[in-house]
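Peer 1: the sequence and its predicted three-dimensional model are supplied below.
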Amino acid sequence: MENLGRKTALGAAWMVFSKLAIRFIGLISTLILVRLLDPEDFGIAAMAMTIVAMVELLTTFGFEVAIIQNQRADADDYNTAWSLNVSLGLAAGTLLLLLAYPASLFYGQRELIAVFAVLSLSTFSQGLENIGLVDFRKHLTFDKEFAFRVSVKVIGFAITIPLAFWLRSYWALVIGSVSTRIATTILSYWAHPYRPSWSFKALDRIMNFSKWLFLNNMVNMFRRVGPDLIIGRISGAKGLGLYSISYEISNLPTTELVAPANRALLPGFSKIADDQARIAKQFVRVAGLLSLLSLPTGFGIAATAELFTPIVLGEDWIAAIPLIQVLALFGAVTAIQSPIATVLMAIGKPKTVSLVSLAQLFFVLPLLAYLNQRFGVIGAAIAMLVTACLALPTYAVLASRQMNVPIGSFTRVVSKPLLAALVMFYCVWRALPNLDPTVPHLLLASSAGAALFVGMIGLLWLMSGRPQNSAEKEIFDLSMQYTKKLIKR
């Protein structure tokens, strides 16, 4: 059991490291692209990718998750999952072609017709990806998944950046995306020896789990692309371009820390799904660790947005500052919720997760449309933050009822990093009038904010009686062990 815990923790570390490496490459790519392309170029690409994401809902049954959750999955499960992915990928690519003209009328951008024709190749290619890759997660061999994902990102970088220098238009983003997806499919057969064959023998078994996962994925996708549709329709290409880049940068806590950790948590918790007491204990530990990582990151991004936006993105993106601030707080709150949904999925509760996500969708889209119409793009960002804050108590209750996690335990492990992050945010924000948007001042504000957070966490840990089983103590011990190893070297 302890070995499983270590493998899960190591897997989470590999996934976070993988995501950080991918994000570093992506950040360098973004920094180059924002200097070469206009916000309108990003807006047109975002318009197209919004429709693509909606069409690809046809392929989001999550057959891979069904294989991970089923500890007795055999070759029939793998082959059936692959055959379904291929079939749905072909259907999605065809549908994308049929929607090209109506979508161009919806946005008022006729150039989108050709864009959709190219992107349909990407959708079909995704369905052909080797299903054997799921073994990397199922058997907790995340070092292999790390090598695969980083290799794909490097290929995408090597294709997109030269195209941007050459084309200086949204076509660099479109062609780069399609080329990367095709390269991913080809590389998947090199990365894993499994060779799938056409079969539907395990159709009933796969679909019994995946039908609820499909609903959950569909709802989550609409929660992600719904705002893009609304903003693109109301605020146009420039407004959507500002929002999409702001969302990408501000949601680093979710996309770079929590999401990769959740990829490791799913197979890890699936292996102990029958041990409810251990599930509850490990969940509280995970929630505390992720809060310590994600909350200071999100609040730190919000606090320093006025400094790093002119430096990192350039003067053309100054209007993105308030968007980044609000969406960074949204990302931090979302990061706290996400482990609950992951663990519920791991213990076979996809229906519960799907229904809660559906309720959020019905709330956020009307609110977002109203606030976007009334206050512009910043109104859309506020709608996202409000919805996330209102959903947090619901997820806490779910953790209590479905996993026997006392609400008080969840509140305690989250409240300390939240309070420390709020203090950090306030102090850095108050100091901003005295700082110019320069690299030295950005480094000063970031360093001071990090020191404030660590100091506050330490103080709160002392005031709570120095609990030895806390996330703060665990991270402190790990840091000390790593420091000692560095000194010995």
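Peer 2: Thanks, I have it. Since the model is a prediction, treat every value here as computed from it, not as a measurement. Residues are numbered from 1 along each chain as shown.
Peer 1: pLDDT on stretch 458-470, on average?
Peer 2: Across stretch 458-470, the average pLDDT comes to 78.
Peer 1: go ahead and measure how far that stretch is from the middle of the chain.
Peer 2: 31 Å (CA atoms, centre = their mean, to the nearest Å).
Peer 1: now stretch 97-105: buried residues?
Peer 2: Across stretch 97-105, burial judged by 16 or more other CB atoms under 10 Å covers 99-100, 103-104. No exception for glycine: its C-beta is placed from N, CA and C like everyone else's.
Peer 1: so what's the residue count around residue 395?
Peer 2: 19 (other CB atoms under 10 Å).
Peer 1: give me the phi and psi angles of it.
Peer 2: phi -70, psi -30 (degrees, to the nearest 10).
Peer 1: quick check: it vs residue 437, distance?
Peer 2: 37 Å (CB to CB, to the nearest Å).
Peer 1: any low-confidence regions in the stretch 351-489 of the chain?
Peer 2: 468, 470-489 (pLDDT under 70).
Peer 1: what ranges do the helices span in it?
Peer 2: For the stretch 351-489 of the chain, applying DSSP state H, counting those that start in this stretch gives helices covering 377-403, 407-431, 439-463, 471-488.
Peer 1: which helices and strands sit right next to the first one?
Peer 2: The one in question is helix 377-403. Using 3 or more CB pairs under 8 Å, 6 or more residues apart in numbering; DSSP states H and E as the contact test, the elements touching helix 377-403 are helix 203-250, helix 276-308, helix 321-346, helix 350-375, helix 407-431.
Peer 1: in that helix, what counts as buried?
Peer 2: Buried-residue list, helix 377-403, by 16+ other CB under 10 Å: 377-388, 391, 395-396, 398-400, 402-403.
Peer 1: contacting residues for residue 40?
Peer 2: 237-238, 241 (CB atoms under 8 Å, 6 or more residues apart in numbering).
Peer 1: out of these, which is most surrounded?
Peer 2: Busiest of these [other CB under 10 Å] is residue 241, holding 29 neighbours.
Peer 1: so residue 92 makes contact with residue 56?
Peer 2: Yes. Taking CB atoms under 8 Å as the definition, residue 92 is a contact partner of residue 56 at 5.5 Å.
Peer 1: which residues are in contact with both of those two?
Peer 2: residue 123.
Peer 1: re earlier: of the buried residues of stretch 97-105, closest to residue 138?
Peer 2: residue 99 (34.7 Å; CB to CB).
Peer 1: flag the least confident of the contacts of residue 40.
Peer 2: Pick the lowest pLDDT in these and you get residue 237, at 79.
Peer 1: find the residue closest to that residue in space, skipping its chain neighbours.
Peer 2: residue 43 (3.1 Å; CB to CB, 6 or more residues apart in numbering).
Peer 1: now swap in residue 80 and tell me
Peer 2: Leaving aside its sequence neighbours, residue 80 sits nearest to residue 202 (CB to CB, 6+ apart; 4.2 Å).
Peer 1: contact partners for that neighbour?
Peer 2: Applying CB under 8 Å, 6+ apart, the residues contacting residue 202 are 74, 76-77, 79-81.
Peer 1: could you do residue 369 as well?
Peer 2: 230, 234.
Peer 1: how close does it sit to residue 190?
Peer 2: Residue 369 is 45 Å from residue 190, by CB to CB.
Peer 1: what does residue 393 give?
Peer 2: Plainly put, residue 393 is 47 Å away from residue 190 if you go by CB to CB.
Peer 1: and if you look at residue 420?
Peer 2: Residue 420 is 45 Å from residue 190, by CB to CB.
Peer 1: ditto for residue 53
Peer 2: Using CB to CB, we find residue 53 at a distance of 27 Å from residue 190.
Peer 1: so for the two, which residue has more residues nearby?
Peer 2: residue 53 (16 against 10).
Peer 1: how much space between the more buried one and residue 396?
Peer 2: 29 Å.
Peer 1: repeat for residue 63
Peer 2: Distance, residue 63 to residue 396, by CB to CB: 31 Å.
Peer 1: residue ranges with poor pLDDT in the stretch 201-350 of the chain?
Peer 2: 208-217, 252-275, 346, 348.
Peer 1: count residues in the vicinity of residue 205, would you?
Peer 2: Residue 205 has 17 nearby residues by other CB under 10 Å.
Peer 1: so it sits against residue 77, correct?
Peer 2: Yes. The criterion here is CB under 8 Å, and residue 205 meets it with residue 77 at 6.7 Å.
Peer 1: can you get me a residue count around residue 188?
Peer 2: The burial count for residue 188: 18, using other CB under 10 Å.
Peer 1: residue contacts, it?
Peer 2: Residue 188 neighbours (CB under 8 Å, 6+ apart): 129-130, 132-133, 148.
Peer 1: how does it look with 6 Å?
Peer 2: Counting by CB atoms under 6 Å, 6 or more residues apart in numbering, residue 188 makes contact with 129-130, 133.
Peer 1: also residue 120?
Peer 2: 93, 96-97.
Peer 1: what helix or strand is it located in?
Peer 2: Using DSSP states H and E, the element containing residue 120 is helix 112-127.
Peer 1: report the buried residues of that helix.
Peer 2: In helix 112-127, counting by 16+ other CB under 10 Å, buried: 112, 115-116, 119-120, 122-127.
Peer 1: for residue 405, give me phi and psi.
Peer 2: phi -100, psi 120.
Peer 1: which residue packs closest to it, ignoring adjacent ones?
Peer 2: residue 399 (4.4 Å).
Peer 1: I'd like the distance between the one you found and residue 390.
Peer 2: Separation of residue 399 from residue 390 (CB to CB): 16 Å.
Peer 1: what number of residues lie near residue 456?
Peer 2: 20.
Peer 1: what sits against it?
Peer 2: For residue 456, the contact set (CB under 6 Å, 6+ apart) comprises 420, 423.
Peer 1: look up how far residue 420 lies from it.
Peer 2: Distance from residue 456 to residue 420, by CB to CB: 4 Å.
Peer 1: then residue 355?
Peer 2: Taken as CB to CB, the span from residue 355 to residue 420 is 34 Å.
Peer 1: give me the more crowded residue out of those two.
Peer 2: Neighbours per residue (other CB under 10 Å) separate residue 355 from residue 420, with residue 420 holding more: 26 against 14.
Peer 1: who touches the more buried one in this structure?
Peer 2: Residue 420 touches 453, 456-457, counting by CB under 6 Å, 6+ apart.
Peer 1: would TSV of those residues with distance to residue 350 be doable?
Peer 2: TSV is the format used below for those (distance: CB to CB, whole Å):
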residue	distance to residue 350
453	35
456	38
457	35
